[in-house]
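J.: Sequence first, predicted model second:
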Amino acid sequence: MSVAAVNQLLLTACVAELGALRFTPAGLPAVDLRLEHESTVTEASQPRQVKAAIKAVAFGAVAERLARQELGSLWRFQGFLATPGNGKHPVLHIQNFQQD
């Protein structure tokens, strides 16, 4: 039996750090950022305070839109996780974002 692979992340977070808009060697706009999330979730029937920070990257039109946002602004991000070839930690590749 074959199982379809799924790699999709939906996260409400604020923009904690936002790099300058840059361009890849292929000329694609790109921006690096750090997102911070804070919420209360239920785990094992108990409320739990959750804080998380994650590195993220966006390319193309999404990067151009993100580069114009303010630090501290809150958004709902959608994308996938990938570990860079030279890294140890996964990075969120943002494919879409909207006001939460």
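T.: All right, it came through fine. Computed from a prediction, not measured in an experiment: that's the story for all the values here. Numbers count the residues shown, from 1 in each chain.

J.: So which residues of this protein form strands?
T.: Remark: strands assigned in the chain by DSSP state E are 9-18, 22-23, 29-43, 46-59, 74-82, 91-99.

J.: how about the last one: buried residues?
T.: Spelled out, it's strand 91-99. Buried residues in strand 91-99, counted by 16 or more other CB atoms under 10 Å: 91-94, 97. Where C-beta positions appear, they are placed from N, C-alpha and C, glycine not excepted.

J.: do stretch 81-90 as well
T.: The neighbour-count check on stretch 81-90 (16+ other CB under 10 Å) flags nothing as buried.

J.: Could you tell me the end-to-end distance of that stretch?
T.: End-to-end distance of stretch 81-90 (CA to CA, to the nearest Å): 6 Å.

J.: which residues are contacting it?
T.: Contacting residues not belonging to stretch 81-90 are listed as 7, 9, 54-55, 91-93 [CB atoms under 8 Å, 6 or more residues apart in numbering].

J.: which one of those residues sits closest to Asp32?
T.: Lys55 (7.2 Å; CB to CB).

J.: Beta-bridge partners for the closest one, please?
T.: Arg34 (DSSP bridges).

J.: from memory it sits against Glu36, does it?
T.: No. Between Lys55 and Glu36 there is no contact, the gap being 11.1 Å when judged by CB atoms under 8 Å.

J.: Which one of the strands of the chain lies nearest to Val3?
T.: Val3 lies closest to strand 74-82 among the strands of the chain, at 17.1 Å (CB to CB).
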